[in-house]
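J.: Turn this into a structure:
(chains A and B)
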Amino acid sequence: MKEEKTQVADIDRSLYDFRYEEDERDYLGSGITADIIKEISDEKGDADWMREFRLKSMEIYNKTPMVEWGPSIEGLDIDNIVTYIRTKSRMNTDWNDVPDDIKNTFEKLGIPQAERESLAGVGAQYDSELVYHNVRKEVAESGVVYTDLESAMHDERYAEMIRTHFMKLVPPTDHKFAALHGAVWSGGSFVYVPKGVRLEIPLQSYFRLNAKGAGQFEHTLIILEEDSYLHFIEGCSAPKYYEAGLHAGCVELYVGKNATLRYSTIENWSKNMYNLNTKRALVDEGGKIEWVSGSFGSHVSYLYPMSILNGRGARAEFTGITFAGEGQNLDTGAKIVHNAPDTSSYMNTKSISKSGGISTFRSAVTVNEKAAGSKSAVSCESLMLDRISRSDTIPVMDIRTDKADVGHEAKIGRISDETVFYLMSRGLSEEEAKAMIVRGFADNVSKELPLEYAVEMNNLIGLEMKGSIG
Amino acid sequence: MEKIILNKLPVPTFGWLKVNSAERDAAAFGTGEEREVLLADGSRAELSGGRSVFEVTAAENEKTSAVIYISGSEGKDLTTNVKAAAGAEVKLVQVYENSGPAIGSVNADIAENAAFELVQLYIGGKDTVSGIYADLAGRNSCFKADIGYLLDGDEKLDINLVASHAGKKSQSEISVKGVMRGSSEKTFRGTIDFLNGSSGAKGAENEEVLLLDETVRNKTVPLILCAEEDVEGSHGASIGRIDEAQIFYMQSRGIPVDKIYELTARSRIAQVVSKISDKDTADRVNAILTGGEEDG
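T.: Predicted coordinates for the structure are as follows:
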């Protein structure tokens, strides 16, 4: 009979916690200084406008205070964070050309296998730079562009498009870590889907931060033209260190008229990471953004994907789950701005707190004066698995027109003893019963995920629930 | 001019929403010497200006009820301290009648097996900032709030309600119903805070807002803070116009659209008025709401 562990204090992270030693000569140095930023620009051969943009962002970063809400980031000392690590390899389109240690990392994470079996294209970033990017031939022939952002920036076909979109949705003035991102960003993906092209199989970018005490600042820019469709999957992980690590990425999504973009993320950073990520979508007339977001890792998270519904009939859906365990303070949620008539939004989130973990659901729904006929519904549920954890729900609705229909509901509670008793009377152990209830609680999210991610999420929940009794 | 920060949200959120607190010019509200008033059971008090502190106290296993009218165009600042000893029941009705600038706060200490019922009505009001803090310290303590508001023109209302559950099996039930017209502005912050140790506690909060003009501005901020496993908390909010199916049904019964809105608005507030057991007070409120006309 297969032997099962009976006591697991934490998610089994062995899949993610392997690591290779870095050569510290590749580090550009810690902290945010003009010299480091100029050096990053030199490494990348930035155009003049980007050099200026980085330095201007640094000025904004220095002037901008940290927000006065959210979890503490006292343990994060930016002066000790390595913002850029020189790549050992140029970007490749064949895994065999990727250095062995990096290739092995992605093999262990299952990325090449997923690419062969179920993806239209893959991008893989290791520390500061993309090391692999490839897209299926037929997808490229349809006019879809999927490449690393920096190559695209140096390609005259896309340079102007990127210049007119880059950090326009999330300007460096947005908040302190958006400014930091503007100063030191590196890596990330660029996707362009032409008018009428519907990509039925997903693209995936995977971000791996291997280095100790480092930051990852990748920038994802996706532009969907009219009537197009894309499912983009983002995965991220890092091995655990004692030193704090930082992820301050930025995602900007432009969804054209009647286009649909599904953006799925499974975030599983290690528990020494500060995940201060910014994601934003601008949706045109009749377009739709679908966010599917699973937050499992990180020591501290600030993550609230924002949808700006800017064209008549634009729609947004946000489905999210957050699982906060020991030592984690995960502050997650979403923001939706209704900025045009007849727009609609739906937010459905679940959060689970266990072993002293803190989970906060934070949201904002704004219906502006010109958004007559708009509708919004928010539903959030929280589950407390013990009395040493914490779960807070902080939603805000700001409604500036009478021609709106806005609903909100939230619930917090525990696993009912009656349900556990019923399942135990059917032969399940208490632990199995509780794990089954938690899986059922998270079912709305797992149904929205690609199959292999749904399986992974269920496994993570199962592992976390083991040893939860007593 | 001295600025004062009022109605702080117990846990702050996104700054750009401007809901973390209410900032006001102190001079616009009640000034002068503070007046202390003890309200015995069955009291009716009226405040039309200045600063007052009202004390409403119920000794062990006693019942006390009181009514406070807040009216007049002068600025005013009132604090109402409520103490419900073990097994006591306190009912407080506060009616803000087309009041000038007002700062109000209700601070309630609710002991074991005690109950505090609050009924508040805001009928107009140039600029009202109202804080309600219920400390459910005792086991089986209970807090029930029924709040109604009717705003028009450029009237402003800012409410911050916090039900703090420390006692085991404590209960809170908060119901807010409002109607907004003109370019009125309202912020309602409602927090149910389950402190560690409040096992068996239950809290429920609901706000229904009827918006009747395109220039209104409504902010609803319903928080649940939870540091205890064995609790049940919920909140709900419904903001907007009347449901189309409901309008269609009423039109099919021969009621014109304007009348449908008028009736619905009146019925929302009437649900709160119905919680006022003191007949004179209910009559006075109904007279204001109907402008002296017979209802029905």
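J.: what about the helices in chain B?
T.: B:244-252, B:257-273, B:279-289 (DSSP state H).
J.: what does chain A give?
T.: Under DSSP H, chain A gives helices at A:14-17, A:34-44, A:48-63, A:100-108, A:111-118, A:137-141, A:149-153, A:159-165, A:176-184, A:417-425, A:430-441, A:443-446, A:451-465.
J.: Reformat the helices of chain B into JSON lines and put distance to chain A next to each item.
T.: Bear in mind the C-beta positions are built from the backbone N, C-alpha and C, glycine included. Output for the helices of chain B, formatted as JSON lines (distance: least, C-beta to the nearest C-beta, whole Å):
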{"stretch": "helix B:244-252", "distance to chain A": "9"}
{"stretch": "helix B:257-273", "distance to chain A": "10"}
{"stretch": "helix B:279-289", "distance to chain A": "21"}
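J.: Turn these into a markdown table, columns for mean pLDDT and distance to A:V396.
T.: Listed next are the helices of chain B as a markdown table, based on pLDDT from 0 to 100; distance: least, C-beta to C-beta, whole Å:
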| stretch | mean pLDDT | distance to A:V396 |
| --- | --- | --- |
| helix B:244-252 | 88 | 26 |
| helix B:257-273 | 89 | 23 |
| helix B:279-289 | 90 | 30 |
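J.: can you redo those helices as a markdown table with mean neighbour count?
T.: Below are the helices of chain B laid out as a markdown table (neighbours: other C-beta atoms under 10 Å in any protein chain shown):
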| stretch | mean neighbour count |
| --- | --- |
| helix B:244-252 | 12 |
| helix B:257-273 | 16 |
| helix B:279-289 | 15 |
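J.: that older thread, Serialize the helices of chain A to CSV and add fields for mean pLDDT, distance to B:A237 and mean neighbour count.
T.: What follows is the helices of chain A, written out as CSV (pLDDT from 0 to 100; distance: least, C-beta to C-beta, whole Å; neighbours: other C-beta atoms under 10 Å in any protein chain shown):
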stretch, mean pLDDT, distance to B:A237, mean neighbour count
helix A:14-17, 59, 39, 14
helix A:34-44, 91, 45, 16
helix A:48-63, 96, 36, 16
helix A:100-108, 72, 46, 17
helix A:111-118, 72, 41, 16
helix A:137-141, 85, 44, 12
helix A:149-153, 90, 40, 20
helix A:159-165, 95, 36, 14
helix A:176-184, 96, 30, 25
helix A:417-425, 89, 28, 13
helix A:430-441, 86, 23, 18
helix A:443-446, 79, 21, 18
helix A:451-465, 71, 30, 18
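J.: out of the ones you listed, nearest to A:K354?
T.: The minimum distance between A:K354 and the helices of chain A falls on helix A:451-465, with 6.7 Å, by C-beta to C-beta.
J.: The closest one relative to helix A:111-118, how many degrees between them?
T.: 130 degrees (axes from the mean of the first three to the mean of the last three C-alpha atoms, to 10 degrees).
J.: got the contact list for helix A:451-465?
T.: A:8, A:10-12, A:114, A:118, A:233, A:264, A:266, A:268, A:294, A:296, A:321, A:323, A:325, A:354, A:431, A:434-435, A:438-439, A:442, A:445-447, A:449 (C-beta atoms under 8 Å, 6 or more residues apart in numbering or on different chains).
J.: please redo it, this time with the cut-off set to 7 Å
T.: Helix A:451-465 has contacts (C-beta atoms under 7 Å, 6 or more residues apart in numbering or on different chains) with A:8, A:11-12, A:114, A:266, A:294, A:296, A:323, A:325, A:354, A:431, A:434-435, A:438-439, A:442, A:446, A:449.
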